[in-house]
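A.B. asks: Using only what follows, build the 3D model:
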Amino acid sequence: MELKTNVLYYGDNLEILGKYIPDESIDLIYLDPPFGSKRSYNILFRESTGAASEAQIEAFEDTWQWGPTAARAYEEVVTGPHQRVARMLQAMVDGLGHNDVTAYLSMMAVRLVELHRALKRTGSIYLHCDPTAGPYLRVLMDSIFGPKNFVNEIVWKRSFAHSDFRQGSRHYGRTHDTILFYARSAGRIWNQLFVPYGQEYIDRYYKYVDESGRRYWHDNLTAAKPGGDTRYLWKGKLPPKGRYWAYSKENMERLEREGRIVYTKTGFPMYKRYLDEMPGRALQDIWDDVRALGGLGAMAAERLGYATQKPGALLERIISASSNPGDVVLDPFCGCGTAVHAAHKLGRRWIGIDITHLAVGLIRRRMRDAFPGLAIEVVGEPRDLEGARYLASTKPKQFEYWVVDKLDAQPTGGKGLDLDGVKPFMEFGGKAKRAVISVKGTKVVNPEMIREVLGALDENKPIGVLAILNEPTKGMVTQAAAAGFYESAGRKYQRVQIITVKEMLSGKRPDLPSPASPFAKAPVEKKKAKQAEML
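C.D. replies: Model (predicted):
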């Protein structure tokens, strides 16, 4: 099996991992799996009304409740060859019962086993979760990767405070996520990262300034253990009892010549350690310096409109620490694509998997905006009419999202008079208008579909597009033509336009005045970030 990289896969990650990802082929895995259809945590996409996206709920609803899907995942683990994992999962199900949490853990267990198989001996995995599921996932990860390969529980403080007590909350503010960091072995890739010193630390320790304006502090020149002949008289001083000079006499003389030794009031030598020579503070396991996206400025510019979009800085930190340029980064729940974006920016190869065409289309668009000219292969989406028919018959909702994405429109989930999607455009004079899109994947087509589109049109939505899988009837064509035209800047546009999937696959798109993208654009990445900049 040959590993493809810089590729997106549409489908269930369990199937894709087994079919496309060879053993020990991945250097770094980051995953942020959805948990809880009715919880705010990790519902990746939201409609303009604020309601959770039907696509995400439809894709994962079986994993949030105990039913046939969860039962099959549980049975696959407990009857499989990984009996340590089986015993742990069985114990949790026996102790907690058949509920949302154990359904989720069953779904995760079978996938984590596959991810362990795919990870190189030098690889690492970062599992992003909230405190609700985190403790259970920690136990599950111990059974799969082994307790000795647990590296860190990283606490990401994503916000300053949640002041929801006015809404009746009876708990402390919930402001952090958990990231579980495991390695495949002790030989994992590791690049030490540093963060700038805080001003309080600088003011406390680097309080001296030399004649050139450089800050420094008085560091110790003694050591607990001798390193050769290091107990000698220096400027009339010996090290304290039980201690030794940290340098040989020859090196002490060199430091003296270089002006790196200063003396206290008692004449005791100290090392002059300059602030500008220090890399910063070694990164710890509490990350409170990377904020969730929001507010104004650079963080706001990064936002693409996804409720749980993670900041690029968070993923760049993980990727820089646990992989090297050219390594392969995998995100099996890639959502809005922050991990694959960060991986490409840092010169890594990447693989993204998601179960919704909504996500795959959004990631492809994001990468195209950020890296102009980048060609991305999507494995699993329809490439011809036969593939489109299969998707429409097996997953009609995903078929709708696929069509809307191909038309470069924004999905609405089939709610209200916006039908299945909207595509903004600018009329003459600069006023924003919208075309509404109705998608029909049924075998039977009829004039009622045209009437539905007509019923959605108004002053602000003067054009409607009917995207259908099969050829329209003569009556439908006649009825669409009878709807007349919308005129802008002296040009006429058919008010009701019919596009078949066959035409769409051949490149046909809605005929609109000055189409405008309905999506927030990812900023263009001018150059790939250098690894050294992150260390």
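A.B. asks: So what pairs up with Val328 in the strands?
C.D. replies: Val328 forms beta bridges with Arg349, as assigned by DSSP bridges.
A.B. asks: pretty sure it contacts Trp350?
C.D. replies: Yes. With contact defined as C-beta atoms under 8 Å, Val328 counts as touching Trp350 (7.1 Å). For every residue, glycine as well, the C-beta is placed using N, CA and C.
A.B. asks: Neighbour count: these two, which is higher?
C.D. replies: Using other C-beta atoms under 10 Å, the more surrounded residue of Val328 and Trp350 is Trp350, with 25 against 22.
A.B. asks: how many neighbours does the closest residue to the more buried one other than its chain neighbours have?
C.D. replies: Spatially, and ignoring its direct neighbours in sequence, Trp350 is nearest to Ala343 (4.0 Å; C-beta to C-beta, 6 or more residues apart in numbering). Residues near Ala343, counting by other C-beta under 10 Å, number 29.
A.B. asks: Enumerate every residue touching Ala343.
C.D. replies: 315, 319, 329, 349-350 (C-beta atoms under 8 Å, 6 or more residues apart in numbering).
A.B. asks: picking up where we left off before, which residues do Val328 and Trp350 both contact?
C.D. replies: Joint contacts of Val328 and Trp350 (C-beta under 8 Å, 6+ apart) are Thr5.
A.B. asks: circling back to that earlier point, neighbour-wise, give me the winner out of the contacts of Ala343.
C.D. replies: Top of the contacts of Ala343 by neighbour count (other C-beta under 10 Å): Ile319, with 28 neighbours.
A.B. asks: tell me which element that residue is part of?
C.D. replies: Using DSSP states H and E, Ile319 sits in helix 312-322.
A.B. asks: which residues touch that helix?
C.D. replies: Contacts of helix 312-322 (C-beta under 8 Å, 6+ apart): 27-28, 30, 124, 126, 156, 179, 181, 188-193, 283, 287, 290, 302, 329, 338-339, 341-343, 345-346, 348, 529, 531, 534-535.
A.B. asks: Tell me how far it lies from the chain's centre.
C.D. replies: Chain-centre distance of helix 312-322: 11 Å, with C-alpha atoms, centre = their mean, to the nearest Å.
A.B. asks: one step back: now the residue nearest to Trp350: which helix or strand?
C.D. replies: According to DSSP H and E, Ala343 maps onto helix 338-345.
A.B. asks: Work out the gap between that helix and the centre of the chain.
C.D. replies: Distance of helix 338-345 from the chain centroid (C-alpha atoms, centre = their mean) equals 8 Å.
A.B. asks: Show me the two of the contacts of Ala343 that sit farthest apart.
C.D. replies: Distance extremes for the contacts of Ala343: the farthest pair is Leu315 and Arg349 at 15.1 Å, using C-beta to C-beta.
A.B. asks: For Arg121, give its distance to Met252.
C.D. replies: 44 Å (C-beta to C-beta, to the nearest Å).
A.B. asks: Measure how buried the nearest residue to Lys157 once chain neighbours are set aside is and give me the count.
C.D. replies: Leaving out its chain neighbours, the residue that sits closest to Lys157 by C-beta to C-beta, 6+ apart is Asp288, at 4.2 Å. Asp288 has 13 neighbours, counted by other C-beta under 10 Å.
A.B. asks: okay, Asp288: pLDDT?
C.D. replies: Note on Asp288: pLDDT of 91.
A.B. asks: do Arg39 as well
C.D. replies: pLDDT, Arg39: 40.
A.B. asks: related to what we said a few turns ago, just put the contacts of Ala343 in CSV and tack on distance to Gly173.
C.D. replies: Shown next, in CSV, are these (distance: C-beta to C-beta, whole Å):
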residue, distance to Gly173
Leu315, 25
Ile319, 30
Val329, 33
Arg349, 39
Trp350, 35
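A.B. asks: Closest one to Glu256 out of those residues, please.
C.D. replies: So of the contacts of Ala343, ranked by how close each gets to Glu256 (C-beta to C-beta), first place is Ile319, at 43.8 Å.
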